[in-house]
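A.B. asks: let me see the structure of the following:
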Amino acid sequence: MSAPQLHQRAGRGGYGRDGASNVSFGTADYEAVDLNERELEKVGGGLPQWVQRAAGVAGRPQDRSRDDKVGLIVGLVLTALAFCVRFYRISHPDEVVFDEVHFGKFAAYYILREYYFDVHPPLAKMLNGLSGWLVGFDGHFDFENIGDSYTAAGVPYVGMRALPAIMGALTIPVIYGIMRESGYPVIIAAFSAALILFDNGHVAQTRLILLDAALVLFMTLSLYAYIRFYKLRHREFTMEWWGWQAATGFFLACTLGCKMVGLFTFLTVGTAVAIDLWKILDIRRGHTMSHVGRHVGARVLTLIVLPAIVYLSFFWIHFKVLKYSGTGDSFMSPAFQETLEGNPLLLNSQEIRYYDTVTIQHKDTKVFLHSHLERYPLRYEDGRISSQGQQVTGYPHNDTNNHWTIVPTKELPETGRGRVVRHKDVVQLLHVQSNSHLLTHDVASPLTTTNQEFTTWPAGDESRKNDTLFQIMVTDAHEGEPLKSKAGHFRFVHVSTKVSMYTWPNTLPDWAFKQQEINGNKNAQERAATWFVDEIVDDETHQDPRNRTGVVEARAVRHVNFFKKFFELQLAMLQHNAGLTASHPYASNPIEWPFMLKGISFWTKGDVKEQIYMIGNIFGGWSCVMALSIFVGIWGADHLARRRGQDPIPDPVRNRLHNSVGFFIAAWAFHYFPFFLMSRQLFIHHYLPAQVASALVAGAVVNFIATESINYPVSVLGPSSRLRPRTYANIGRPATIGIAVFIAAIISVFIFFSPLTYGTPGLEGDQVLARKLLSSWTLHFSPK
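C.D. replies: Residues are numbered from 1 along each chain as shown. Predicted structure coming up:
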């Protein structure tokens, strides 16, 4: 083979037999075989250095075996370091830290088998519960407040923290493996892994009873499995090809099963798959539509159907374990609640009859429908005039002013089932203490001017009877279904104006005793306008209403279709997640996360001046930001140069840079930018998955700066692969030393901030001040 021929082949190494690029959005490489040493020597002289490297002159085939051995040793060392870093002083503090108040409590609920509600899917929480059960935790600890003692209560908290620490440690070799499988040298892969291994924020977050260790591990496993699958594209439909594709789908489901952030990992892999299928569809590849259809079917089966089944299985286990009534009952529908043993709806729910005196409670805010003799002021602060009617408010406590009698608007039989209140019945509500009917009219409510005012009208005065008529719309009810206490959620719709009785957490001024506003919401379908009868106080016979049907046998637990329960819970999770908009002293904005402008105070102990402050390794974090910026600059400059007919980057290096790094960039973007669209409460720990992706980008950019050579090929060859020369990346001694010094600097910064990561030792004021690199960091015990 002549030098010009080799130069030509090396220069177009990114193209296959049909002339189309065989580099997909994922991990870029080329079809190749080894050249023997004599041929390498023959073509080496007189060629540019990068061509010699592309032809294999820069390395020998035996280097591959040696590189693999060194790579294995380095991977094992990184793994051992990861375990040491995350298990160091894991028993400290022996108190509840930050969100362990939530996720430790959820672990206890699994052990007690009591139903709870949370906005996140259950996998990571079930794993925490399993770890607690395995180490002997009985579930009888409330995790009530940050600082509560584990030791005093005999909680085996070290064992419970061990599982997140193990998963956090295992993330490091996976990151290292991603870089190695993508074709990067050992030193580069170690660099990317070190960025996360010695990141103070990752360490702090992944050694506590939290969810993020599992989330990040499964996210990285998803990327790793997809890269391994894509590398087998020349051996399609083999067992190994199917295995890694199925593993990708499984790990994607596990990622989503930890937090909804897993959807962003689905988007990352889904985009890569879509681009890959688009290239398979290219007619120049010579594939029949039947062949393309097999590929599409395989992706649907392993990356959609399989993850869906796995994800559903997490909830099936969740429902099976949590069989008893618990704190999460009230978030669910009455039908759902009746599937739980010991639920009050099974024990106390009764049909409501006309002339029953009841208390009515709002489903979400738990205030009672209330009225008192005080009236709305003539004029509000904004100058509007009120009706000066009797005030109707929401009151959170038990009170006789919460008592309302349900009055029929139709003739009733003397006895029997005809006296039961049913779905779609039109009724009046009589306020017992003031002997007046509930009324709403076209007058603006005190605080929400777009909604109608609620007041009352004297009983016996028929002049405004139409304004006192309301229709009971029972949720998910069939025609004529009885209204039940506890179990019957309903909307109370005004017949004339079609508004629904509504309330929200907004208190009225002093003239209404700071009670909650009740108004008429013009959106009659508003889901938050949902109420239920909490208690039957009295009936027209004035006997105990619990005994009016005789002896009531205990009812069996209701069976509801799994999918109905699943979709109800998914909707509730999404709604409540979007509703987490309250302010928090340690909440932050996404724009602050890459620069680590604001952390979270996890735990403090004043007498010994110890604290845990969750913030990343600022040197490593800012290096990742710089790498992202450099990549954008390289990409833009290369495109501008090629627009002008220049070719500054060899094709093999360009393909690796654009495609492999492009996959990492997509992972970073998909796990970061969607947070800008969210109005919910956000914290810096939401950036952890994106930060892992930025570490992968940083390694790839350092590789580009350090050398123009690449390890090649990366993919597994197929029976029809085109022969091309094998090459080995040569970082060089100066670059290797530089990277090693960079890693040493990352470790130094980690050690400097480690007292804030581990909560020990305690720091004096001047020591805290020395670590407060940014004024936006809210460190405790710092001099004023």
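A.B. asks: can you give me the helices for the stretch 301-450 of the chain?
C.D. replies: 306-321, 334-337, 344-348 (DSSP state H, counting those that start in this stretch).
A.B. asks: and the shortest one, what does it pack onto?
C.D. replies: Meaning helix 334-337. The contact analysis (3 or more CB pairs under 8 Å, 6 or more residues apart in numbering; DSSP states H and E) places helix 334-337 against helix 562-578. For every residue, glycine as well, the C-beta is placed using N, CA and C.
A.B. asks: mean confidence (pLDDT) on the helix it packs on, please.
C.D. replies: Taken as a whole, helix 562-578 carries a mean pLDDT of 93.
A.B. asks: quick one: that helix to helix 306-321, angle?
C.D. replies: Counting by axes from the mean of the first three to the mean of the last three CA atoms, to 10 degrees, helix 562-578 lies at 90 degrees to helix 306-321.
A.B. asks: just after helix 562-578, pick out the following helix or strand.
C.D. replies: strand 600-605 (DSSP states H and E).
A.B. asks: and that following strand, what does it pack onto?
C.D. replies: strand 610-614.
A.B. asks: okay, angle between the strand it packs on and strand 600-605 too, please.
C.D. replies: For strand 610-614 against strand 600-605, the angle by the same axes, to 10 degrees is 170 degrees.
A.B. asks: for the following helix or strand past strand 610-614, list every residue counted as buried.
C.D. replies: The first helix or strand that comes after strand 610-614 along the chain, using DSSP H and E, is helix 618-643. Buried positions in helix 618-643, judged by neighbour count with 16 or more other CB atoms under 10 Å: 618-621, 623-624, 627-628, 630-631, 634-635, 638.
A.B. asks: for these, which one is nearest residue 535?
C.D. replies: Checking the buried residues of helix 618-643 against residue 535 with CB to CB, the nearest one is residue 621 at 55.2 Å.
A.B. asks: what's the burial count for the residue nearest to that closest one when sequence neighbours are not counted?
C.D. replies: Distances taken as CB to CB, 6 or more residues apart in numbering put residue 596 closest to residue 621, at 5.0 Å, once the chain neighbours are dropped. The number of residues packed near residue 596 is 26, by other CB atoms under 10 Å.
A.B. asks: ok so, going back, which one of the buried residues of helix 618-643 is nearest residue 292?
C.D. replies: The closest of those to residue 292 turns out to be residue 635 (CB to CB; 30.3 Å).
A.B. asks: what residues are up against the closest one?
C.D. replies: Shown in contact with residue 635 (CB atoms under 8 Å, 6 or more residues apart in numbering): 657-658.
A.B. asks: and the gap between it and residue 731?
C.D. replies: Here the criterion is CB to CB, to the nearest Å. By it, residue 635 lies 22 Å from residue 731.
A.B. asks: and what of residue 628?
C.D. replies: For residue 628 relative to residue 731 (CB to CB), the value is 21 Å.
A.B. asks: shaky segments in the stretch 51-200 of the chain?
C.D. replies: 51-64 (pLDDT under 70).
A.B. asks: which stretches of the stretch 501-650 of the chain have low pLDDT?
C.D. replies: For the stretch 501-650 of the chain, the stretches flagged by pLDDT under 70 are 545-555.
A.B. asks: re the thing from before, nearest to residue 330 among the buried residues of helix 618-643?
C.D. replies: Taking CB to CB as the measure, residue 330 lies nearest residue 621 of the buried residues of helix 618-643, at 41.2 Å.
A.B. asks: residues touching residue 772, list them.
C.D. replies: Counting by CB under 8 Å, 6+ apart, residue 772 has contacts 779, 782.
A.B. asks: pLDDT score for it?
C.D. replies: According to the prediction, residue 772 has pLDDT 95.
A.B. asks: now swap in the one 10 residues further on and tell me
C.D. replies: At residue 782 the predicted local confidence, pLDDT, stands at 85.
A.B. asks: quick check: the closest residue to it other than its chain neighbours vs residue 616, distance?
C.D. replies: Leaving aside its sequence neighbours, residue 782 sits nearest to residue 768 (CB to CB, 6+ apart; 4.4 Å). Distance, residue 768 to residue 616, using CB to CB: 18 Å.
A.B. asks: surely the residue nearest to residue 782 is in contact with residue 777?
C.D. replies: No - using CB atoms under 8 Å, residue 768 makes no contact with residue 777, being 9.8 Å away.
A.B. asks: no further questions, thank you.
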